[in-house]
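> Generate a structure from the sequence data that follows.
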Amino acid sequence: MRTFVAIDFDDEVKRPIEILQDRLKSDCPGLRWVDPAKIHLTLKFIGDAAEDRIVAICTALDELAAECRPFPIAIEEVGAFREDGPVKVVWVGVHDEDGGLRYCHELCERLLEPLGIPREQRPFRPHLTLARNREPRHSEVIRRAIEPHAELRIAVQEVESVTFYQSTLTPRGPVHQPLSRHVFRAAS
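Here you go, the predicted structure:
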């Protein structure tokens, strides 16, 4: 089963993201937009996890929740991956206000590694995916459309939990099913 660990967002974050997407749609041809209801921050993409590993992963995430304290993150700045060449993804940045996100991510990597889940080799670049580009030829038009929003500040959210998801790929896009939620011990 295809799985990942994520941070979910409140409606106070999702609603302004939906408004931003609506503003950009007419100026950004060729993009496949992410449903705002499904917007999340992937903390760790696990990939295929055998059924018999699910309990061990949940136990590791319980340990993560016991060690993490709630922390703020700022949702701000609009950009695109790849900086050079064709645009692949349009995103909103996630800024780690006090280092809590960095600690939570590193702890997740450390706790899952003994379960045979390798650490991510790429640097952690926290972001929320707004859209994926299907037409590389529109990259410059997309860059020009998002540039006025580069310094947009959307919201600050207090992170108090992580969610373990199953992701099923379908012709209409992925379907995410929560398997478990792990509330930080110090959360209200």
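
> From now on I want contacts and neighbour counts done on CA atoms only, so please keep to that.
Will do.

> Around Arg143, count how many other residues there are.
18 (other C-alpha atoms under 10 Å).

> That one: which element?
Arg143 is part of helix 139-146 when elements are defined by DSSP states H and E.

> What residues sit buried inside that helix?
139, 142-143, 145-146 (16 or more other C-alpha atoms under 10 Å).

> Please apply the same query to stretch 45-64.
45-46, 49, 54, 57-58, 60-64.

> Reduced to three states, what does Leu43 come out as?
With DSSP: H, G, I helix; E, B strand; the rest coil as the basis, Leu43 sits in strand.

> what's the neighbour count on the nearest residue to it once chain neighbours are set aside?
Distance criterion C-alpha to C-alpha, 6 or more residues apart in numbering; nearest residue to Leu43, sequence neighbours excluded, is Ala6 at 5.0 Å. Look at Ala6: counted by other C-alpha under 10 Å, it has 20 neighbours.

> what pairs with the helix or strand Ala6 falls within, and is each one parallel or antiparallel?
According to DSSP H and E, Ala6 maps onto strand 2-8. Within its sheet, strand 2-8 is paired with strand 40-48 (antiparallel), strand 161-170 (antiparallel), according to DSSP bridges.

> So which of these is nearest Arg69?
strand 161-170 (9.1 Å; C-alpha to C-alpha).

> Might one say that Leu179 is in contact with Tyr165?
Yes. The pair Leu179 / Tyr165 is scored as a contact, 5.3 Å apart, by C-alpha atoms under 8 Å.

> Would you mind telling me which of the two has more residues around it?
Between Leu179 and Tyr165, Tyr165 has the larger neighbour count (other C-alpha under 10 Å), namely 21 against 14.

> what about Phe4, neighbour count?
The burial count for Phe4: 20, using other C-alpha under 10 Å.

> actually Ser161, not the one I wrote
21.

> For this protein, give me the ranges with low pLDDT.
Applying pLDDT under 70 to the chain flags residues 187-188.

> middle-most residue in it, spatially?
Leu41 (1.9 Å; C-alpha atoms, centre = their mean).

> List the contacts of that one.
Applying C-alpha atoms under 8 Å, 6 or more residues apart in numbering to Leu41 gives the contacts 6-8, 126-128.

> and if we set it to 6 Å?
6-7, 128 (C-alpha atoms under 6 Å, 6 or more residues apart in numbering).
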